[in-house]
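Asker: one predicted model, sequence on top.
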Amino acid sequence: MICFVDLPRSFTIRESSHRIHNPFTSEKLATLGQAVSPARGTALLDLCCGSGEMLCTWARDHHVTGTGVDISTVFLGSARARAAELGVAGRVTFVHGDASGYVARQPVGIASCLGATWIGGGVAGTVALLRRSLAPGGMMLIGEPYWRREPPDQATVEGCHATSRDEWLPLPELIESFGGLGCDVVEMVLADSDSWDRYAAAQWLNIRRWLDANPGDELAGQMRAELTAAPVRHVRYQREYLGWGVFVLMDR
């Protein structure tokens, strides 16, 4: 039996109420679905699918089928419950596993990785991984951060959860880099300040509720320190300097 390392418990505490584990609202996700407009029956592979909101809502709204792969048993439990809630459990499947090596058994019309390009060692490696599952003429969805403004110092870089300013590109350079990988950018949907707030601020309430319920837990000190620092860090750094978007790519 193959065993996979799960996500750290701090992560699942932080995002326990999230259906979307990126700075996208339900409205943004629906806009992306409308922009892509998949044909009925399109197969979708979603690597690092989290709680499966894209697969489940697109199965309901666009009648796609598909598979989501994630390392988190907690989030996959939420994904399966969401599929049952929306009446699409017969059209979507969720797999517990390491998405970095996952290739679909049959080519798919859409292959996606939203906000987890570390699985391929960056954007280029993730595009290469998604291509291994993609049918000719299919679409790749890449969710990736970018610099909205040039970070003025290392404190700003670290406040945006990066180690160096080279970790991400400004938006024009990111778009240009997709062309260097042999892709056309055919659509994009970008996060805005409100969707960043909904993603980040919901984490603070999740942490506070968890702290109130678990004051003696071994993680309580770590989570208390995070709750104290996170709101200021968000408004000082992340909200102002860091963008995020989903970019729809097709091979040239």
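Answerer: Received, thanks.

Asker: which residues in the stretch 101-250 of the chain form helices?
Answerer: All helices of the stretch 101-250 of the chain, identified by DSSP state H, counting those that start in this stretch, fall at 123-131, 154-159, 171-180, 193-213, 220-233, 239-241.

Asker: any chance of JSON lines for those helices, columns mean neighbour count, mean pLDDT and distance to Cys48?
Answerer: Every C-beta, even on glycine, is put in place using the N, C-alpha and C of the backbone. As requested, the helices of the stretch 101-250 of the chain are exported to JSON lines (neighbours: other Cβ atoms under 10 Å; pLDDT from 0 to 100; distance: least, Cβ to Cβ, whole Å):
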{"stretch": "helix 123-131", "mean neighbour count": "20", "mean pLDDT": "98", "distance to Cys48": "10"}
{"stretch": "helix 154-159", "mean neighbour count": "16", "mean pLDDT": "97", "distance to Cys48": "24"}
{"stretch": "helix 171-180", "mean neighbour count": "14", "mean pLDDT": "98", "distance to Cys48": "19"}
{"stretch": "helix 193-213", "mean neighbour count": "16", "mean pLDDT": "97", "distance to Cys48": "16"}
{"stretch": "helix 220-233", "mean neighbour count": "14", "mean pLDDT": "98", "distance to Cys48": "22"}
{"stretch": "helix 239-241", "mean neighbour count": "17", "mean pLDDT": "97", "distance to Cys48": "24"}
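
Asker: could you list the low-pLDDT ranges of the stretch 1-150 of the chain?
Answerer: Scanning the stretch 1-150 of the chain for pLDDT under 70 picks out 1-4.

Asker: now with 90?
Answerer: The stretch 1-150 of the chain contains residues with pLDDT under 90 at 1-7.

Asker: residues contacting Thr67?
Answerer: Going by Cβ atoms under 8 Å, 6 or more residues apart in numbering, Thr67 touches 44-46, 55, 92-95, 104.

Asker: repeat that for Ser112.
Answerer: By Cβ under 8 Å, 6+ apart, the contact set of Ser112 is 44-47, 54, 130, 140-143.

Asker: can you lay out those as a markdown table showing distance to Glu167?
Answerer: Formatted as a markdown table, the contacts of Ser112 follow (distance: Cβ to Cβ, whole Å):
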| residue | distance to Glu167 |
| --- | --- |
| Leu44 | 28 |
| Leu45 | 26 |
| Asp46 | 24 |
| Leu47 | 20 |
| Met54 | 25 |
| Leu130 | 21 |
| Met140 | 21 |
| Leu141 | 21 |
| Ile142 | 16 |
| Gly143 | 15 |
